[in-house]
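Chemist: Sequence plus the predicted model coming up.
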Amino acid sequence: MVGARRPVIWAGGGVISANASQELQKLAEILGAAVITSQSGKGSIPENHEQCIGHFAAYETTKEFLRNADLLISVGVRFRGNETSNWKVPVPQEHIAIDADWQAINRNYKATLGLVGDAKDMLGAIIQKIEEHSVQAEPSYLQEVLSLRNEVRAQLRETLGPYEQFVDGMREILPDDTILVRDVTVQANVWGSRLFEIYEPRTSIHASGGGIGQGLPTAIGAQMGCQDKTVVLMAGDGGFMVNVGEMVTAAEENLPVIIVLFDDSGYGVLRNIQTAAYGRQVAVDLLSPDFVKLAESMHFDAVRIGSGDEFISELKKAKERRKPSMIVVDMEAVGPMAKPFGGPPGAAEAFKPKNYKED
């Protein structure tokens, strides 16, 4: 470990579960390691840290970077298929895997050394050992890590079109300790889970099982548990309707949760996957209710917006009023992303039957 010149740490949800974020950051700084995070590992290191690549493992630029790494330390990571391009993300031959579950070692990627135990204790012991050696981070490598960090974010920003203003506005307006809850929707998957920087553990929540509709009850639970914090839910219109009745719960408890609802009158991810796989769309359009009237009938302050400027203005108001609030984003009015999101890597190919031929 102390001899590695191009080390990478891959941090998962196990770091946060073990309250090991401080140890993770300290180890990264001692080794001069790049830090990749899984979706569940967001917040294990502040995402404005210059060594934090973040949740960008499946990007081609990151894959190329990993091909040249000489050590991977994975901590509490499951290496899920949709975060590793269906396990095509390369990892270095030297791989130290740390996990509380012995069955997780070697599950999806082979480890040359498996350490089973609490991540906080394990990382603390490793730090104590390597501090006995004179470990010096390579300045040129740290500069390369910073360049990669900037490059993957720039690549993603180029795909956003008008929604770049949304992510920048959210991060500027919302407190650093805002709890961001993300249901499964295009905007959450594309930029909510990557470009909205998370600075503290347990302030990033998503539906790790992949099912739609979990966002609203999860956001309500987060707001009940952290009543002094700002809680924001990003959801799509299709998934939101699965548990829409829980809005009454938020109103009854007078929870100041802010719902940002992206309304495109359909299942946006499936639309894009079907277009890529078949060149057409089937059963993905929805007859949506008037979400503003619906929200107001459930005692929410609600508004519909059609531009980034309107969104920023209404988000400021929602943050200050500390009442149940909904901002409905009219995606047709805002306009399309610069590049459509076609789902996780390989999604279109997985949906297309064998021997499928277009008419």
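Modeler: Happy to help now that I have it.

Chemist: Quick check: chain neighbours aside, which residue is closest to G12?
Modeler: Once flanking residues are discounted, G12 sits nearest to V77: 3.4 Å by C-beta to C-beta, 6 or more residues apart in numbering. Just so you know, the C-beta spots here come from the backbone N, C-alpha and C atoms, and that holds for glycine as well.

Chemist: Return the distance of that neighbour relative to T185.
Modeler: As judged by C-beta to C-beta, to the nearest Å, V77 and T185 stand 24 Å apart.

Chemist: the more surrounded of those two?
Modeler: Set side by side, V77 and T185 show more neighbours around V77, with 30 against 26, by other C-beta atoms under 10 Å.

Chemist: For the more buried one, which three-state class applies?
Modeler: Three-state assignment for V77 (DSSP: H, G, I helix; E, B strand; the rest coil): coil.

Chemist: Might one say that it is in contact with I36?
Modeler: No. The pair V77 and I36 does not pass the contact test of C-beta atoms under 8 Å, sitting 9.0 Å apart.

Chemist: Could you report the neighbour count for E29?
Modeler: 15.

Chemist: In terms of helices and strands, where is it?
Modeler: Following DSSP states H and E, one finds E29 within helix 21-31.

Chemist: So which elements touch that helix?
Modeler: strand 7-11, strand 34-37, helix 119-130 (3 or more C-beta pairs under 8 Å, 6 or more residues apart in numbering; DSSP states H and E).

Chemist: State the distance from the most centrally placed residue in the chain to A100.
Modeler: Nearest to the geometric centre of the chain sits S193, at 2.4 Å (C-alpha atoms, centre = their mean). Using C-beta to C-beta, S193 is found at 24 Å from A100.

Chemist: can you pull out the helices in the stretch 1-150 of the chain?
Modeler: Counting by DSSP state H, counting those that start in this stretch, the stretch 1-150 of the chain has helices at residues 13-17, 21-31, 60-67, 119-130, 139-157.

Chemist: For G308, find the nearest of the ones you listed.
Modeler: Taking C-beta to C-beta, helix 139-157 is the member of these nearest to G308, at 13.7 Å.

Chemist: Tell me which other helices or strands that closest one touches.
Modeler: Helix 139-157 packs on strand 52-54, helix 60-67, going by 3+ C-beta pairs under 8 Å, 6+ apart.

Chemist: And the strands in the stretch 201-350 of the chain, which stretches?
Modeler: Along the stretch 201-350 of the chain, counting by DSSP state E, counting those that start in this stretch, strands occupy 204-206, 231-236, 258-263, 301-305, 325-330.

Chemist: what does the average pLDDT come to for the last one?
Modeler: Right, the one you point to is strand 325-330. Taken as a whole, strand 325-330 has a mean pLDDT of 98.

Chemist: who does it touch, helix- and strand-wise?
Modeler: Strand 325-330 packs on strand 258-263, helix 291-297, strand 301-305, helix 308-321, going by 3+ C-beta pairs under 8 Å, 6+ apart.

Chemist: Which residues outside the longest one are in contact with it?
Modeler: Think helix 308-321. Helix 308-321 is contacted from outside by 162-163, 165-166, 169-170, 173-174, 230, 256, 258, 260, 301, 303, 305, 325, 327, 329, 334, using C-beta atoms under 8 Å, 6 or more residues apart in numbering.

Chemist: cool, and the second one?
Modeler: Contacts to helix 291-297, defined as C-beta under 8 Å, 6+ apart, come from residues 237, 244, 247, 259, 261, 263, 301-304, 326, 328.

Chemist: Give the buried residues for it.
Modeler: For helix 291-297, the neighbour count (16 or more other C-beta atoms under 10 Å) marks 291-292, 294-295 as buried.
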